[in-house]
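1. Please find the sequence and the predicted model below.
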Amino acid sequence: MEKLHALALDAGRCRHVYADRVMEYVMDENKNSIIRLFDVTKRYNGKLALKDISLDIEQGEFIFISGPSGAGKSTLLKVLYLAEKVSEGQILIDGMNLARISSSRLPALRRRFGMVFQDFKLIPNRTVYENVALVLEAAGEKPSFIRKKVMHVLRTTGMDKKYKAFPPTLSGGEQQKVAVARAVVGEPSIILADEPTGSLDTKSAQTILDFLMEYHKKGATVLIASHNLHLLDSAVRGRNIEICDGKINRTATML
Ligand SMILES: Nc1ncnc2c1ncn2[C@@H]1O[C@H](COP(=O)(O)OP(=O)(O)OP(=O)(O)O)[C@@H](O)[C@H]1O
Ligand SMILES: [Mg+2]
């Protein structure tokens, strides 16, 4: 695949320069959106983190969210995952308005998402195996299926040998691999990955990226947030949404 030469910021901190592989994105009104954001604003104690974000994402899209540190990338993924409430605006998932969803339907909706948090959020007093298995246990899967599936994702992320370890005894990179395994084990239709390779060496980062891309190929909608534009070099065809100071700065199609 042709390389995208993503050079670092040119004019100030907001503008990225790409050599090739990108073109301006034109929205197709006729496509079916799985995620829709209407004028979403998020403030933390009065300070803006997201400002009037409007966005349509189709089922099966691959989206790379870029932007400098503090741009609002994590906040965007967190409001989609319902880990944070929006201050203004609306979010629809498959036509369901997140602001109006009843608490009884929330667990089922959450299971449609797999989230890799930037700070991993593993449960410290549960083993690696238990952290990953919890997702399937909550979904009511059979123990034999859970064992097979959990060990399979741990093998693929290279963490099977440490399945009995507790997160605080792992390196940052190892914890990140477990966080990725946990996010995908339930085969969610939407994967939200916040800096999923931020703690990894180049080779492990590529393995994890390829792993996430496998789920994209199988039909999942994948959103990866990162300030590391070099990840785009190995990303598949998709859309790049660049945010800065809480606003969408530019949307481009990666060819
Ligand atoms: N829990 C919070 N309380 C207060 N302010 C917050 C909180 N979380 C984020 N912010 C602020 O919101 C803004 C956006 O933060 P966010 O974490 O979304 O940025 P980011 O693009 O993910 O940055 P990075 O690349 O460093 O991860 C920043 O100014 C940050 O300080
Ligand atoms: Mg972040």
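-> Yep, that arrived. Ligands and ions are numbered 1, 2, ... in the order given.

2. Where does residue 216 sit, in terms of helix or strand?
-> helix 202-217 (DSSP states H and E).

3. For that helix, give me every contacting residue.
-> 60, 62, 156-158, 173, 176-177, 180, 184, 187, 191, 193, 196-197, 200, 222, 224, 231, 234-236 (CB atoms under 8 Å, 6 or more residues apart in numbering). Quick note: C-beta positions are derived from backbone N, CA and C, even for glycine.

4. and the angle from the host helix or strand of residue 222 to helix 202-217?
-> In the assignment (DSSP H and E), residue 222 maps to strand 221-225. Going by axes from the mean of the first three to the mean of the last three CA atoms, to 10 degrees, strand 221-225 is angled at 150 degrees with respect to helix 202-217.

5. Is the next helix or strand after strand 221-225 positioned near ligand 2?
-> Per DSSP H and E, the first helix or strand lying C-terminal to strand 221-225 is strand 238-244. No: Strand 238-244 lies out of reach of ligand 2 by CB under 5 Å from the ion, never closer than 10.7 Å.

6. in strand 238-244, what's buried?
-> Neighbour counts over strand 238-244 (16 or more other CB atoms under 10 Å) mark 238-244 as buried.

7. now swap in stretch 129-140 and tell me
-> 129-136.

8. Check stretch 217-234 too.
-> 220-227, 229, 231-233.

9. One more: stretch 48-57?
-> 48-51, 53, 55-57.

10. Residue 64 should be in a strand, yeah?
-> Yes: checked against DSSP: H, G, I helix; E, B strand; the rest coil, residue 64 lies within a strand.

11. so who does it touch?
-> Applying CB under 8 Å, 6+ apart, the residues contacting residue 64 are 224, 226, 231-232, 235, 238-241, 254.

12. Go again with 10 Å.
-> 222-226, 229, 231-232, 235-236, 238-242, 252, 254 (CB atoms under 10 Å, 6 or more residues apart in numbering).

13. Pull up the residues of this structure that are close to ligand 1.
-> Those residues of the chain that sit near ligand 1, judged by CB under 6 Å from any ligand atom, are 44, 49, 67, 69-75, 118, 227.

14. which residue packs closest to whichever residue of the stretch 101-250 of the chain sits closest to ligand 2, ignoring adjacent ones?
-> Across the stretch 101-250 of the chain, the shortest distance to ligand 2 (CB to the ion) belongs to residue 118, at 4.7 Å. Of all residues not flanking residue 118 in the chain, residue 194 sits nearest, at 4.2 Å (CB to CB, 6 or more residues apart in numbering).

15. For the one you found, which residues are in contact?
-> 65, 73-78, 81, 115-120, 179, 183, 223-226.

16. So how do I select the buried members of those residues in ChimeraX?
-> To isolate the buried members of the contacts of residue 194 in ChimeraX, using 16+ other CB under 10 Å:
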select :65,73,74,75,76,77,78,81,115,116,117,118,120,179,183,223,224,225,226
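
17. Among the contacts of residue 194, name the ones in strands.
-> Using DSSP state E, the subset of those located in strands is 65, 115-116, 223-225.

18. related to what we said a few turns ago, what about the residue of the stretch 101-250 of the chain closest to ligand 2? Give its phi and psi, please.
-> Per-residue torsions, residue 118: phi -60, psi -30 (degrees, to the nearest 10).

19. ok, it to residue 96 distance?
-> Separation of residue 118 from residue 96 (CB to CB, to the nearest Å) stands at 26 Å.
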